[in-house]
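Enquirer: My questions are about this predicted structure, shown below with the sequence.
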Amino acid sequence: GDEQANYQYTFWDTPGFESWDREAIRKYLKTIKTTPKSSIICMIYCASPGSSANLQQLGWLLDECIKLHIFCALVCTNKSCRDRKRRDAVINDFQHILQRHQTKTRDENGIAYFGNVGLCTSVNSVAFTDDETNKKYEQSGIDELILGIMESLDDDKLAQWCAVIFENKSFWKKLSGYSEQLKRILNKLIHTQWNED
């Protein structure tokens, strides 16, 4: 009938993450997971080229997320920075960490996929102009990331993710360029619904 579902979405941040050990990471995830009516859809970890991400710590975070069946998206920000060597180093580190859990299954639209464990990509979250070259770079990679997560999630989390991004009008307007991925996602949703009925 006329049942209405209300949802609340919380984006958890990790202030002070740099000083956490494996046990602190485990406790933090447990706190989120045991919050009433809480369901962790995915973990998105961002690092910029030249940042000093602690790879051991990131490995611990991925280990714990994967134990809890939490999809992991590792994102290199500042995709268009001039220092390609540093950007590639971040991406290579991310891929190496993900490959400890799952071999790479494919590359598509600038995203490396690692089955239902995780993905790795780079984005420009905001448009910017390079001060030295005066070249303007548009926001890029965000829609591909959203779609990549959508396609990778398990069936039970897919509907939740769709509800989270439902309000993102610019994302939905740009979807026509991703018809093959959309077909796969829609088939997944239809298959899930068909199996529930």
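Expert: That came through, no problem.

Enquirer: For the most centrally placed residue in the chain, report the pLDDT, please.
Expert: Nearest to the mean C-alpha position of the chain, by CA atoms, centre = their mean, lies residue 73 at 3.2 Å. Note for residue 73: predicted pLDDT of 96.

Enquirer: That one - that's part of a helix, no?
Expert: No: counting by DSSP: H, G, I helix; E, B strand; the rest coil, one finds residue 73 to be strand, located in no helix.

Enquirer: I figured it hits residue 145, correct?
Expert: Yes: using CB atoms under 8 Å, residue 73 makes contact with residue 145 at a distance of 6.6 Å. All C-beta spots, glycine's among them, are computed from the backbone N, C-alpha and C.

Enquirer: between those two, what contacts are shared?
Expert: By the contact definition CB atoms under 8 Å, 6 or more residues apart in numbering, residue 73 and residue 145 are jointly contacted by 119, 121.

Enquirer: any idea how far the residue nearest to the centre of the chain is from residue 63?
Expert: Going from residue 73 to residue 63 by CB to CB, to the nearest Å gives 16 Å.

Enquirer: now swap in residue 105 and tell me
Expert: 20 Å.

Enquirer: just residue 166 next, same as before
Expert: From residue 166 across to residue 63, the span is 32 Å (CB to CB).

Enquirer: Ok, residue 88 next?
Expert: Residue 88 is 25 Å from residue 63, where distance means CB to CB.

Enquirer: Pull the number of nearby residues for residue 111.
Expert: 21 (other CB atoms under 10 Å).

Enquirer: Go ahead and confirm it touches residue 120.
Expert: Yes: the pair residue 111 and residue 120 qualifies as a contact (CB under 8 Å) at a distance of 7.1 Å.
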